[in-house]
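*Asks:* Got a predicted structure plus its sequence, pasted below:
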Amino acid sequence: LGSSEAIALNGNVDGFKIVGNTVKDNDNIGIDVIGYEGVARTGVDRARHGLIARNTIENIDSKNNPAYKGDRSAAGIYVDGGSDVTIEDNTISNSNYGIELASEHRGRNSERIIARRNRISGSHVAGISLGGGENSNGGVREAIIENNDLRGNRQPILRQHHVDASVIVRNN
């Protein structure tokens, strides 16, 4: 993979399923659902209406990736500007972030994301991260984070910049 994501959906991807995969030992993002990169026309330039379920993701760490210069910022599952995605029943271990919901583009958001019944452990930064890491990033709106098992992570849930109208309930 070089310094890249293992599974990436980018641009005009409408209706997808990423189910039953094993993704491991990668120095960048495991599964990436992307929007706003300018690879499709305005209005459809984002992956949307998808399911990410029953995957096993482990050892996702950008620490030794030369593009990241020692920064630990890789997620097992990253929704970066996608919309209408359900993330459920995945097992994620030993990643920088288990699940990250944000957008790298100012004024843009990941929207209507449901993350439920995932088992996330051993995350170096956070089990689940919501919102952009910097104020100059976009964020997440209308996310539902529920019934996730978030044991043994440095921080179970991390709220960052631009988190709007999101619900976080019944997580362990």
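*Replies:* Nice, I can see it. Predicted model only: the values in this text are computed from it and were never measured. Residues are numbered from 1 along each chain as shown.
*Asks:* Give me the spatial nearest neighbour of the residue of the chain most remote from its centre, chain neighbours excluded.
*Replies:* Ranked by distance from the centre of the chain (C-alpha atoms, centre = their mean), the top residue is Arg41, with 23.3 Å. Once its chain neighbours are removed from consideration, Arg41 has its nearest residue in Asn12; the separation is 7.5 Å (C-beta to C-beta, 6 or more residues apart in numbering). No exception for glycine: its C-beta is placed from N, CA and C like everyone else's.
*Asks:* wait, what's in contact with that neighbour?
*Replies:* Asn12 makes contact with 39-41, 44-46, according to C-beta atoms under 8 Å, 6 or more residues apart in numbering.
*Asks:* what's near enough to touch the residue nearest the centre of the chain?
*Replies:* Nearest to the geometric centre of the chain sits Tyr78, at 1.9 Å (C-alpha atoms, centre = their mean). Counting by C-beta under 8 Å, 6+ apart, Tyr78 touches 29-33, 97, 99-100, 102.
*Asks:* Repeat that for Leu150.
*Replies:* For Leu150, the contacting residues are 98, 120-121, 127-128, 156-157, 171-172, taking C-beta under 8 Å, 6+ apart as the criterion.
*Asks:* thinking again about what came up before, quick check: of the contacts of Asn12, which lies closest to Ile145?
*Replies:* Each of the contacts of Asn12 was scored against Ile145 by C-beta to C-beta, and Arg46 proved nearest at 20.4 Å.
*Asks:* And the closest one, its phi and psi?
*Replies:* Here is the backbone geometry of Arg46 (degrees, to the nearest 10): phi -160, psi 140.
*Asks:* same question, Ser121
*Replies:* With angles defined as degrees, to the nearest 10, Ser121 shows backbone torsions of phi -140, psi 150.
*Asks:* Once you drop chain neighbours, what's closest to it?
*Replies:* Counting by C-beta to C-beta, 6+ apart, Ser121 lies nearest to Gly152, which is 4.3 Å off, once chain neighbours are set aside.
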